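1. here is my input, please return the structure:
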Amino acid sequence: MVRYVPRLAVEYCAELIIFHQLHLHIEKERKSKYGDYSPHNGQGNRISINHNLSKFDFLITFIHELSHHTAFVKFGSRHDPHGEEWKTEFQRNMVPFYEHETLFPSDLKVAISKHMRNPKYSHSADIKLLQVLKKYDESKVNTIILADLPNGTLFKMKGFDEVLKKIEKLRTYNLCETFKGKKYRVHAMVEVILVENQTNQ
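-> Below is the predicted model of the structure:
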């Protein structure tokens, strides 16, 4: 665990895995999710988390998926996977980590506090939290994200051949447009490459 979560969280995470008889699987990157949970009555319970998350990102994802397990134990399979039962469990399971005096940097603690008032189906939907998390992700220190660009900026992104222009900031996404006028909603935290020639704005 020490490779994946902050050092101060390792012992408690290990205790939770043992207590809840969880099978933790480290997976290759999945674009559609950071982690998932699968209940298996009598055979342990499976949590999987992407290997390439930063330590704080991994920890938050672990608590998110742990909360699916504790909600399942309490309420069975009939509750809404990201409804009030899960939100309550997520808030409760976060408390020991959040109350640790030195686990989270102060700015991240503030962002987590705001996020936990009404947790979303994924913290990838909370742009303000993701922007703070990025500061503590060594793999993304020198990357440029769409949210940081002013409207009118031209950029490209991995896996998409055309040049895009940022048009408008939405909540979780940004409205962008190709030179041909085709519009796309692009996640605000996507990594982008600036197009040097900005004369076509």
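
2. from here on, just use CA atoms for contacts and neighbour counts.
-> OK.

3. quick check: domain ranges of this protein?
-> Segmentation of the chain into domains, based on automatic domain parsing, reads 7-139, 144-194.

4. relative to residue 1, which of those is closest?
-> domain 7-139 (5.9 Å; C-alpha to C-alpha).

5. endpoints of that closest one, how far apart?
-> 18 Å (C-alpha to C-alpha, to the nearest Å).

6. off-centre distance for that domain?
-> 9 Å (C-alpha atoms, centre = their mean, to the nearest Å).

7. need the three-state assignment for residue 96.
-> helix (DSSP: H, G, I helix; E, B strand; the rest coil).

8. count the neighbours of it for me.
-> Other residues within reach of residue 96 by the criterion other C-alpha atoms under 10 Å amount to 11.

9. state the distance from it to residue 181.
-> On the measure of C-alpha to C-alpha, residue 96 and residue 181 end up 50 Å apart.

10. same thing with residue 157?
-> 17 Å.

11. now the element after the helix or strand encompassing residue 113, going C-ward?
-> Under the criterion DSSP states H and E, the helix or strand holding residue 113 is helix 106-117. Sequence-wise, the next helix or strand downstream of helix 106-117 (DSSP H and E) is helix 127-135.

12. quickly run through the sheet partners of the next helix or strand after that next one, with directions.
-> Under the assignment DSSP H and E, the closest C-terminal helix or strand after helix 127-135 is strand 144-145. Partners of strand 144-145 in the sheet, by DSSP bridges, are strand 191-194 (antiparallel).

13. and the strand it pairs with, what's its mean pLDDT?
-> If you average the pLDDT over strand 191-194, you get 92.

14. list the buried residues of it.
-> 191, 192, 194 (16 or more other C-alpha atoms under 10 Å).

15. tell me the one among the residues you listed nearest to residue 120.
-> residue 191 (21.8 Å).

16. how much space separates the closest one from residue 119?
-> 24 Å.

17. can you check residue 56 too?
-> In terms of C-alpha to C-alpha, residue 56 sits 16 Å off from residue 119.

18. cool, and residue 35?
-> Counting by C-alpha to C-alpha, the gap from residue 35 to residue 119 is 16 Å.
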